[in-house]
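Peer 1: Give me the fold of what follows.
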Amino acid sequence: MQASALIEQRFGLAANTQFRTDLDAILNFLADGDLERYVRMLQHSPETDPAWQKLVHTLTIGETYFLRDRGHFHVLKNLVLPEIIRQRRAQGDLHLTIWSAGCATGEEAYSIAFVLHELLPDLPRWTITLMGTDINDYALRLAQYGVYRDWSFRHTDDTLQRRYFEQHADGWQIKPDIQRMVRFQHTNLLTGAPLSEADVIFCRNVLIYFENSRIAPTEDMLFKTLNRGGWFFLGQAEAVRTQRERWMTHLISGAVVYQKPGESASSSLSYQLQKQLLPNTAPLPDVSEDATTNYTDAVQAVQSERFDDAERFLAEVLALHPNHAQAHALLANIFANRRALPEAQAHLETALRIDPLLADAHYLRAMLLLEAGKRAEAQEALKAALYCQRDHLLASFMLGSIYAQAGDKERARRVWEEARRAITPLQPDSHVSDLSDLTAAGLNALISKQVEKWQV
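Peer 2: Predicted structure coming up:
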């Protein structure tokens with residue numbers, strides 16, 4: 001059995017697509033020159049064996065920090081947990097069960113503990129099961145140790161450190177009362193859940209690295225583990241892939257969250273792009289304004305129709321650059337093509353909040369409006385795209401088409417002529433947008449067909 005197939009079988013990781021050319025180098029290094037012997041050893045060893053754990057640690061080093069993705073924690077603190085807490089108080093049943101799956105070094109699980117600590121003034125009366133799980137034993141040991149360096153606080157203020165941490169020779173030690181709230185455990189998602197039920201599950205930036213055939217059974221396991229009315233948080237670069245109709249999908253404060261239907265579910269929010277229920281949080285400052293290699297890789301993946309790879313690259317971009325507007329726009333495009341419209345809308349709104357002059361985002365908004373039958377609003381969105389970027393070729397093409405369909409052939413002609421002038425200096429095989437695999441030659445041919453069709 002090839003090493004990549006073995007990794008997939010044991011952990012579900014799409015090793016070949018995730019690591020591509022790096023995988024051979026990683027395996028050869030760990031095999032110490034004898035890959036065949038190394039693979040045989042892995043085949044006959046449990047996943048807790050040091051050899052497996054060294055490989056897992058190499059492959060799954062996660063990018064995480066406290067309160068990562070403020071939108072999710074805003075929803076958790078202001079909507080999800082208050083409603084569950086209200087119901088439990090009314091029932092006289094003071095218990096909560098929350099699972100942080102793929103918790104890495106523990107920042108996510110402890111961030112949930114911070115929220116609980118703030119929401120429950122009578123915390124000692126409650127029975128809290130807050131579990132963090134991962135396949136990486138080394139990461140779990142760091143989580144249990146509970147000492148973090150400044151990098152884990154890069155999107156928090158000093159107040160959090162003063163409130164929940166004490167200075168330590170190696171950084172910041174989480175205070176014992178918070179540390180005791182979380183239980184960490186080795187768990188492989190392919191073998192099932194570590195608990196029988198949960199009110200809330202966080203599984204962020206985990207399934208995005210799974211091989212496609214492993215995603216459906218894992219999502220099914222997570223769905224079954226949730227209590228009726230329970231809530232499910234995926235990473236911001238992810239969307240539910242399978243049986244979307246069984247989930248209630250909410251767009252709240254620019255964040256997408258999923259809910260299992262049930263008596264306690266918030267049905268008034270489901271399956272709709274509702275007005276924001278909670279105020280938008282201010283955008284977080286980026287770690288750096290430099291363009292990332294991963295974004296370029298994501299664009300190339302989109303243009304070669306490798307959309308799963310593009311999602312992985314964009315997840316890595318947003319881990320370091322939460323305010324990368326172009327990454328949000330590109331994700332919106334991917335999700336819209338998958339018919340994951342709430343997720344597309346969330347990323348589109350985020351992109352425009354970060355950069356109101358991002359032409360690609362206005363163009364995507366126009367496409368969603370056109371699909372919803374809102375032609376007049378779509379026309380205005382295309383004009384906005386061209387205001388932001390006069391030579392936005394996709395916006396010009398679509399705006400000309402709208403004019404032609406409305407019978408305004410003269411305006412259509414002018415828009416298409418401007419687009420052709422902008423295409424002229426481009427190489428025929430150059431792509432006209434990050435959002436599409438369409439080349440300059442391909443778009444020029446499409447414009448010619450439109451001109452012929454409408455006799456402009």
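
Peer 1: Give me the most central residue, this structure.
Peer 2: In the chain, the centroid-proximal residue (Cα atoms, centre = their mean) is Ala237; its distance is 1.9 Å.

Peer 1: now the helices for the stretch 101-250 of the chain?
Peer 2: 107-119, 137-145, 158-164, 176-179, 212-225 (DSSP state H, counting those that start in this stretch).

Peer 1: of all those helices, which lies closest to Thr424?
Peer 2: Closest to Thr424 of the helices of the stretch 101-250 of the chain is helix 212-225 (Cβ to Cβ; 41.4 Å). Every residue, glycine included, has its C-beta placed from N, CA and C.

Peer 1: Could I get the buried residue list for the closest one?
Peer 2: Neighbour-count burial for helix 212-225 flags Arg214, Ile215, Thr218, Glu219, Leu222, Phe223, Thr225 (criterion: 16 or more other Cβ atoms under 10 Å).

Peer 1: which residue ranges form the strands in this structure?
Peer 2: Secondary structure of the chain (DSSP state E): strands at 95-101, 127-134, 147-148, 165-168, 171-174, 182-186, 198-203, 226-234, 248-252, 255-259.

Peer 1: Mean pLDDT, mean neighbour count and distance to His117 for those strands - can I get that in CSV?
Peer 2: Formatted as CSV, the strands of the chain follow (pLDDT from 0 to 100; neighbours: other Cβ atoms under 10 Å; distance: least, Cβ to Cβ, whole Å):
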stretch, mean pLDDT, mean neighbour count, distance to His117
strand 95-101, 98, 23, 12
strand 127-134, 98, 20, 10
strand 147-148, 96, 20, 17
strand 165-168, 96, 14, 13
strand 171-174, 96, 19, 11
strand 182-186, 97, 18, 11
strand 198-203, 98, 23, 15
strand 226-234, 97, 21, 19
strand 248-252, 93, 23, 23
strand 255-259, 94, 24, 21
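
Peer 1: okay if I get these as TSV plus distance to Ala384?
Peer 2: Shown next, in TSV, are the strands of the chain (distance: least, Cβ to Cβ, whole Å):
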stretch	distance to Ala384
strand 95-101	40
strand 127-134	44
strand 147-148	43
strand 165-168	45
strand 171-174	45
strand 182-186	46
strand 198-203	36
strand 226-234	30
strand 248-252	21
strand 255-259	24
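
Peer 1: quick one, which of the ones you listed is nearest to Arg411?
Peer 2: Arg411 lies closest, by Cβ to Cβ, to one member of those: strand 248-252, at 34.7 Å.

Peer 1: helices and strands around that closest one, which ones?
Peer 2: In terms of contacts (3 or more Cβ pairs under 8 Å, 6 or more residues apart in numbering; DSSP states H and E), strand 248-252 is packed against strand 255-259, helix 341-354.

Peer 1: Sheet partners, orientation included, of that strand?
Peer 2: Partners of strand 248-252 in the sheet, by DSSP bridges, are strand 255-259 (antiparallel).

Peer 1: The strand it pairs with to helix 212-225, inter-axis angle?
Peer 2: Angle between the axes of strand 255-259 and helix 212-225 is 70 degrees (criterion: axes from the mean of the first three to the mean of the last three Cα atoms, to 10 degrees).
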